[in-house]
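> What shape does this take:
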Amino acid sequence: MDFLFSFFILIILSTIVFGFVYSNLSNIYSDNENIEERLILDSIASQINRVSSKDIGYSTIIHLKAEVYGYPYYIRVNKNTITLYDNFNRADSSIYPIIIKNKYGSSLSYINLYSGNDYRVTKEVKNNQTFILFVQIS
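Residues are numbered from 1 along each chain as shown. The predicted structure is shown next:
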């Protein structure tokens, strides 16, 4: 009887210890994922700000990785923020205020950039309105 009681206590303690270890390893993995997402987001924000601050006609190409730690993601570009969404997280970054248009000349309140694709971002002017044009190229 004492052996069964001791064995039961050992199992409970082992479960608690393994739970803490798993939780800490999971947090480390999540932190690495968040850091990589933040680096992607800050890079995209910097590229959009660069286009916005340059002369008319300046463009750059944004390359989005296919996945972050095995998960696809997308980036929503609004007037003054960009937000990265994946299955579990959301991260924001500020950009200079911009007007967004698509390749057909329509004004948009936001545009989504999907992982694994490349986008040409260009500063253009039409009818005395300066805007940022986003065109998917692959």
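> wait, what's in contact with the residue nearest the centre of the chain?
By CA atoms, centre = their mean, the chain has its centre lying nearest to residue 84, at 2.9 Å. By CB atoms under 8 Å, 6 or more residues apart in numbering, residue 84 lies in contact with 37, 40-41, 73-75, 90-92. In short, each C-beta sits where N, CA and C put it, glycine included.
> Show me the strands in this protein, by range?
Ranges of strands within the chain are 59-63, 74-77, 81-85, 90-94, 100-101, 107-108, 111-114, 118-126, 129-136, based on DSSP state E.
> Just put these in CSV and tack on mean pLDDT and distance to residue 2.
Rendered in CSV, the data for the strands of the chain read as follows (pLDDT from 0 to 100; distance: least, CB to CB, whole Å):
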stretch, mean pLDDT, distance to residue 2
strand 59-63, 95, 65
strand 74-77, 95, 59
strand 81-85, 93, 55
strand 90-94, 88, 53
strand 100-101, 89, 73
strand 107-108, 89, 73
strand 111-114, 95, 62
strand 118-126, 93, 68
strand 129-136, 92, 70
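> rewinding a little: show me what the residue nearest to the centre of the chain bridges to in the sheet.
residue 75, residue 91 (DSSP bridges).
> Against residue 138, how distant is it?
According to CB to CB, to the nearest Å, residue 84 and residue 138 sit 20 Å apart.
> One more: residue 49?
The gap separating residue 49 from residue 138 is 23 Å, by CB to CB.
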